[in-house]
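A.B. asks: What follows is a predicted structure for the sequence shown.
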Amino acid sequence: MYKIKILSCFDGISACQVALKNLGIEYDYFAAEIDKYAISVTKNNFPNTIHLGDVKLINGYDYKDVKLLCGGSPCQSFSIAGSQKGFEDPRGQLFWEYVRILNEVKPKFFIFENVASMSKENQNIISEELGVQPIMINSDIFVQQNRKRLYWTNIPVDNLPKRPDWQGDFYQWRRNHFRKNKSGVCPTLTANMGTGGHNVPLKSENKDDKLTVNECCRLQGFPDFFVDSISKSQGYKALGNSFTVPVIEHILKTILK
């Protein structure tokens with residue numbers, strides 16, 4: 001079977017690779033990532049991955065045969081829950097590395113993901129640079145988690161499924177009180193779940209009743225035990241930073257056609 005070559009910027013724990021595997025797409029996978037814990041997870045689950053290290057050091061002209069470029073640069077600088085420094089933040093500036101590589105590689109397909117809670121100004125800048133308008137997809141149409149994200153892609157996206165009638169009890173600690181999520185889904189998983197603090201999803205009105213790492217795997221569409229090669233705290237962080245696998249799967253399935 002013909003293999004397509006994939007280049008994943010800010011690869012994290014290779015959610016894109018899980019989606020490709022689920023779809024049965026044959027591929028060669030190049031991953032740009034610097035977090036040693038995320039790299040460890042990818043090596044454990046996908047030992048054939050070709051690791052490229054820092055995205056800043058990639059020469060896109062060396063990968064002209066790549067057919068799909070995917071990535072989601074760090075969202076903390078764009079999110080209302082983060083610094084909101086946008087492109088002035090070093091993490092926000094990493095978006096330009098994605099643009100550079102996109103222009104150098106010129107792949108047939110691309111996907112770029114980031115938070116839906118960014119300013120309209122930043123959203124417009126990204127749209128102008130990538131040449132497409134984003135699609136807002138909430139992960140809760142696929143998994144029991146509220147996770148609104150913007151996806152910029154030149155892949156035609158099939159009609160999205162109807163949101164299931166999720167039933168469940170989830171809570172958050174909000175500085176001085178518990179708040180129940182009345183929508184029946186888990187609040188957005190975050191990178192700080194392993195450290196405690198505010199806005200961490202809970203299963204009851206008890207700060208110690210946290211979601212297990214495997215429960216977080218399921219809420220992001222990963223198999224159980226996917227991040228068992230690293231500590232629990234790093235596993236929470238990696239999952240909180242990741243794509244939701246079934247969303248990427250839904251976008252990529254058009255490639256099969």
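C.D. replies: Looks like it came in fine. Bear in mind that the values here come from a model prediction, so they are computed numbers and not experimental data.

A.B. asks: where does the stretch 51-200 of the chain dip in pLDDT?
C.D. replies: Filtered on pLDDT under 70, the stretch 51-200 of the chain yields the residue ranges 75-92, 196-198.

A.B. asks: show me where it has helices.
C.D. replies: Taking DSSP state H, counting those that start in this stretch to define them, one finds helices in the stretch 51-200 of the chain at 90-105, 120-130.

A.B. asks: Would you reformat those helices as JSON lines and include distance to residue 8 and mean neighbour count?
C.D. replies: Using the backbone N, CA and C atoms, a C-beta is placed for each residue, glycine as well. Listed next are the helices of the stretch 51-200 of the chain as JSON lines, based on distance: least, C-beta to C-beta, whole Å; neighbours: other C-beta atoms under 10 Å:
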{"stretch": "helix 90-105", "distance to residue 8": "11", "mean neighbour count": "18"}
{"stretch": "helix 120-130", "distance to residue 8": "16", "mean neighbour count": "14"}
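
A.B. asks: Reformat the ones you listed as a markdown table; add distance to residue 160.
C.D. replies: Output for these, formatted as a markdown table (distance: least, C-beta to C-beta, whole Å):
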| stretch | distance to residue 160 |
| --- | --- |
| helix 90-105 | 24 |
| helix 120-130 | 20 |
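
A.B. asks: Mind checking those for the one nearest to residue 205?
C.D. replies: Checking the helices of the stretch 51-200 of the chain against residue 205 by C-beta to C-beta gives helix 90-105 as the closest, at 34.0 Å.

A.B. asks: Do I have it right that residue 109 meets residue 157?
C.D. replies: No: if you go by C-beta atoms under 8 Å, residue 109 and residue 157 don't touch, sitting 11.7 Å apart.

A.B. asks: more neighbours, the two?
C.D. replies: With neighbours defined as other C-beta atoms under 10 Å, residue 109 and residue 157 compare such that residue 109 has more, 18 against 15.

A.B. asks: So what sits opposite the more buried one in the bridge?
C.D. replies: residue 68 (DSSP bridges).

A.B. asks: From residue 11, how far out is it?
C.D. replies: According to C-beta to C-beta, to the nearest Å, residue 109 and residue 11 sit 16 Å apart.

A.B. asks: And for residue 115?
C.D. replies: Here residue 115 is placed at a distance of 18 Å from residue 11 (C-beta to C-beta).

A.B. asks: For stretch 24-35, which residues meet the burial criterion?
C.D. replies: By neighbour count with 16 or more other C-beta atoms under 10 Å, stretch 24-35 contains the buried residues 25, 27, 29-33, 35.

A.B. asks: Adding distance to residue 7 and secondary structure, write the residues you listed out as a markdown table.
C.D. replies: A markdown table is the format used below for the buried residues of stretch 24-35 (distance: C-beta to C-beta, whole Å; DSSP: H, G, I helix; E, B strand; the rest coil):
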| residue | distance to residue 7 | secondary structure |
| --- | --- | --- |
| 25 | 15 | coil |
| 27 | 11 | strand |
| 29 | 8 | strand |
| 30 | 5 | strand |
| 31 | 8 | strand |
| 32 | 7 | strand |
| 33 | 12 | coil |
| 35 | 18 | coil |
